[in-house]
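Engineer: With the input below, show me the fold.
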Amino acid sequence: MKLICSRTISLLDVQSLAPREAKEALFRDENGFVLYLSDGAQPPALEERLISLDAREALLWLNERPTDWGSFWR
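Structural biologist: Okay, here's the model as predicted:
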């Protein structure tokens, strides 16, 4: 698996209004692309996801404007 791109998104926790940093990373393997998402919360509340992406979705993620970062969480 090869890391293609990663980014950190600064945000405020909705409940506590504490600042935190979510992480996103795009990987490529022999089967396609995998997007890793971490919401930046402290364990045990940490939420992480792995999403399989096709080439089109990977390009969309790579070309998102900074104001749209985090859109794959929806």
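Engineer: show me what contacts the most centrally placed residue in the chain?
Structural biologist: Nearest to the mean C-alpha position of the chain, counting by Cα atoms, centre = their mean, stands Glu24 at 2.6 Å. Shown in contact with Glu24 (Cβ atoms under 8 Å, 6 or more residues apart in numbering): 6-7, 9, 35-38, 61, 69-70, 72. In this view, the C-beta of every residue, glycine as well, is placed from N, C-alpha and C.
Engineer: Which of the residues you listed ranks first by neighbour count?
Structural biologist: Per-residue neighbour counts (other Cβ atoms under 10 Å) across the contacts of Glu24 peak at Trp61, which has 21 neighbours.
Engineer: quick revisit: could I get the contacts of Glu24 in CSV, plus columns for secondary structure?
Structural biologist: CSV is the format used below for the contacts of Glu24 (DSSP: H, G, I helix; E, B strand; the rest coil):
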residue, secondary structure
Ser6, strand
Arg7, strand
Ile9, strand
Leu35, strand
Tyr36, strand
Leu37, strand
Ser38, strand
Trp61, helix
Trp69, coil
Gly70, coil
Phe72, helix
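Engineer: Grab the two from the residues you listed that are most spread out in space.
Structural biologist: For the contacts of Glu24, the farthest-apart pair by Cβ to Cβ is Ser38 and Trp61; their separation is 14.9 Å.
Engineer: quick one: which helix or strand includes the residue of the chain most remote from its centre?
Structural biologist: In the chain, the residue that sits farthest from the middle, by Cα atoms, centre = their mean, is Ser16; the gap is 21.6 Å. For Ser16, there is no host helix or strand (DSSP states H and E).
Engineer: So which elements touch the helix or strand bottoming out on mean pLDDT in the chain?
Structural biologist: When the helices and strands of the chain are scored by mean pLDDT, DSSP states H and E, strand 2-12 comes last with a mean of 90. The helices and strands touching strand 2-12, judged by 3 or more Cβ pairs under 8 Å, 6 or more residues apart in numbering; DSSP states H and E, are strand 19-29, helix 55-62.
Engineer: Sounds good, over and out.
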